[in-house]
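**Student:** Sharing a model prediction with you, sequence too.
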Amino acid sequence: MPVFTGLDRLLAEPALQQKCNGNLAYLCHNASVDRHCREGLSLLKNLFGNRLKAVFSPQHGLFGEAQDNMIESGHFIHPFFQVPVYSLYSETRSPTPAMLAGIDQVIIDLQDAGCRAYTFVYTMMLLIEACGKQNIEVLVLDRPNPLNGLNVEGNMLDLQFKSFIGLHPLPMRHGLTIGELARMAVQQGGIQGRLDVIPMQGWKREMYFNETQLPWVFPSPNMPHIKTAQVFPATVVLEGTNLSEGRGTTRPFELFGHPDLQPHALLQHLETLFQKHQLRGFSLRPLYFQPTFDKHRDAVCGGFQLHVHDRRTFKPWQTGQLLLREWYHALGPAFQWRQPPFEYEEILLPIDLLNGTDQLRHWVETNGSWDALLTLEQEGREAYLATREPALLYPFPTGEPVG
């Protein structure tokens, strides 16, 4: 059965179009397309005409053109539609009252990656909060969680380590759609705002993105295809180190390495660990690569490509933490933790922001046990599952465990 996103439904159903009243603004980006891969901004401009007064864009810019962390986008007038485009990854991450002046409703239409360490959901939450202060309604057009809506993985964020890659207590793989995340933020997260969500039609919680019959359009420049999203909860933590996470290659987050890493010498040891801890559904292929930009630009790095063969048994968070522990001890003094600033945090280490805790860094440095890692992962899990329950829009399949 095909899936229709919130945008698809809004375009097709006059009753939903009646929800859109007064002057409108649209938070969107490169992946805000309909099921025929048509640009959402163009479609809504055609639908609402001069009522569409402004556009907001998240990190990486309206067109997904801006690279990496803390590379800001400017405000501009759209060259074709002649409406102001306000960047919410600029001198501000939250819209100012001036940006919202004259707006009656904001429509949010963003493709999330299903991972806590991805900024779009926090742009959404800050926008809902700002609109609440101005008594402006927000309408979220729901889209799929590309990693499905069943599996929950990773430790809970400790709010002592909150940042723009983790503003709310979520596990690394949260198992929610962006519409459900918005509902949870308003119901349980202390955000005051007038919120409505247009749910998808045909989406089931067990679906991965390529089962939806929807086109994948890269939501950020280093999320080029759906395989990137599948490995992202494993390898995004490498952003907090001096290892390359594959930026500057055609396979970001699937390729990773370091000039001093000897992949063939490590492979058997790693495969033994994977078997011991029952980590399945993937393989590591040793290789060498040369980033064209970012970390180790133009240097030859030894490393691996992470190939996912069975996404339903693959556990990215556990796999990524285990690999990080092994890189730390294999590289010795050549391994370094990345230093601040990172996502506008000047003091805390980037790895602690990515992990949402410093306990995982200590686990890596002390060569912690597997049981200790699993204990960290379970802390707060049951409370999270209970907290998100009222926000869910789509039922769990019969017989499937929740989370």
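**Tutor:** Yep, that arrived. Numbers count the residues shown, from 1 in each chain.

**Student:** So this protein: which segments form each domain?
**Tutor:** Listed domain ranges for the chain are 6-220+383-391, 226-365 (source: automatic domain parsing).

**Student:** Using a markdown table, please lay out these together with mean pLDDT.
**Tutor:** Output for the domains of the chain, formatted as a markdown table (pLDDT from 0 to 100):
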| stretch | mean pLDDT |
| --- | --- |
| domain 6-220+383-391 | 96 |
| domain 226-365 | 97 |
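
**Student:** Surely Gln230 touches Arg311?
**Tutor:** Yes: between Gln230 and Arg311 there is a contact under Cβ atoms under 8 Å: 5.6 Å. From N, CA and C alone the C-beta is placed, and that goes for glycine too.

**Student:** what residues are up against the nearest residue to Leu393 once chain neighbours are set aside?
**Tutor:** Using Cβ to Cβ, 6 or more residues apart in numbering and skipping the chain neighbours, the partner closest in space to Leu393 is Pro199 (4.8 Å). By Cβ atoms under 8 Å, 6 or more residues apart in numbering, the contact set of Pro199 is 6, 9, 142, 179, 393-394.

**Student:** got it, and Pro221?
**Tutor:** Per Cβ under 8 Å, 6+ apart, neighbours of Pro221: 60, 64-67.

**Student:** what's the most distant pair in these?
**Tutor:** By the measure Cβ to Cβ, Gly64 and Gln67 form the most distant pair in the contacts of Pro221, at 9.9 Å.

**Student:** outside of stretch 155-173, which residues touch it?
**Tutor:** 93, 114-119, 122, 125-126, 147, 151-154, 185, 189, 233, 316-317, 342-345, 348, 352-360, 376-377, 379-381, 384.

**Student:** mind listing which of those residues are in helices?
**Tutor:** 122, 125-126, 185, 233, 316-317, 352-355, 359-360, 376-377, 381, 384 (DSSP state H).

**Student:** Was I right to think Gly61 contacts Ser87?
**Tutor:** Yes: assessed by Cβ under 8 Å, Gly61 is found in contact with Ser87 at 7.0 Å.

**Student:** got any residues that touch both of these two?
**Tutor:** Ser73.

**Student:** picking that back up, more neighbours, Gly64 and Gln67?
**Tutor:** Using other Cβ atoms under 10 Å as the criterion, Gly64 and Gln67 rank with Gly64 on top: 21 against 15.

**Student:** isn't there a strand covering Phe218?
**Tutor:** No: the assignment for Phe218, made by DSSP: H, G, I helix; E, B strand; the rest coil, is coil rather than a strand.

**Student:** which non-adjacent residue is nearest it?
**Tutor:** Pro224 (4.9 Å).

**Student:** Make sure I have this right: that neighbour is in a strand.
**Tutor:** No: Pro224: not assigned to a strand; according to three-state DSSP it is coil.

**Student:** What's the local residue count around it?
**Tutor:** So Pro224, with other Cβ under 10 Å, has 19 neighbours.

**Student:** in this protein, which spans are strands?
**Tutor:** Secondary structure of the chain (DSSP state E): strands at 24-27, 52-57, 76-77, 84-87, 105-108, 137-141, 153-156, 171-173, 194-198, 255-258, 282-289, 301-308.

**Student:** As TSV, these with mean neighbour count would be great.
**Tutor:** Converted to TSV, these look like this (neighbours: other Cβ atoms under 10 Å):
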stretch	mean neighbour count
strand 24-27	25
strand 52-57	22
strand 76-77	12
strand 84-87	20
strand 105-108	25
strand 137-141	24
strand 153-156	23
strand 171-173	25
strand 194-198	18
strand 255-258	26
strand 282-289	16
strand 301-308	21
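
**Student:** Nearest to Leu270, out of those strands?
**Tutor:** strand 282-289 (6.2 Å).

**Student:** Report the angle between that closest one and strand 301-308.
**Tutor:** Strand 282-289 runs at 150 degrees relative to strand 301-308, counting by axes from the mean of the first three to the mean of the last three Cα atoms, to 10 degrees.

**Student:** What lies in contact with strand 282-289?
**Tutor:** With contact meaning Cβ under 8 Å, 6+ apart, strand 282-289 is reached by 244, 246, 249, 255, 257, 263-264, 266-267, 270-271, 300-310, 314, 319.

**Student:** for stretch 74-93, same thing?
**Tutor:** Here stretch 74-93 has contacts from 27, 41-42, 45, 52-62, 66, 72-73, 94-95, 99, 119, 122-123, 126-127, 164, 344, using Cβ under 8 Å, 6+ apart.

**Student:** just the buried members of the residues you listed?
**Tutor:** Burial by neighbour count, 16 or more other Cβ atoms under 10 Å: within the contacts of stretch 74-93 this picks out 27, 41, 45, 52-62, 66, 73, 95, 99, 119, 122-123, 126-127, 164.

**Student:** Pretty sure Leu392 sits against Gly179.
**Tutor:** No: using Cβ under 8 Å, Leu392 and Gly179 do not qualify as a contacting pair, with a distance of 10.1 Å.

**Student:** Please compare those two by neighbour count and tell me which comes out ahead.
**Tutor:** Neighbour count, other Cβ under 10 Å: between Leu392 and Gly179, Gly179 has more, with 27 against 17.

**Student:** so how far is Phe48 from the more buried one?
**Tutor:** To Phe48, Gly179 is 21 Å away according to Cβ to Cβ, to the nearest Å.
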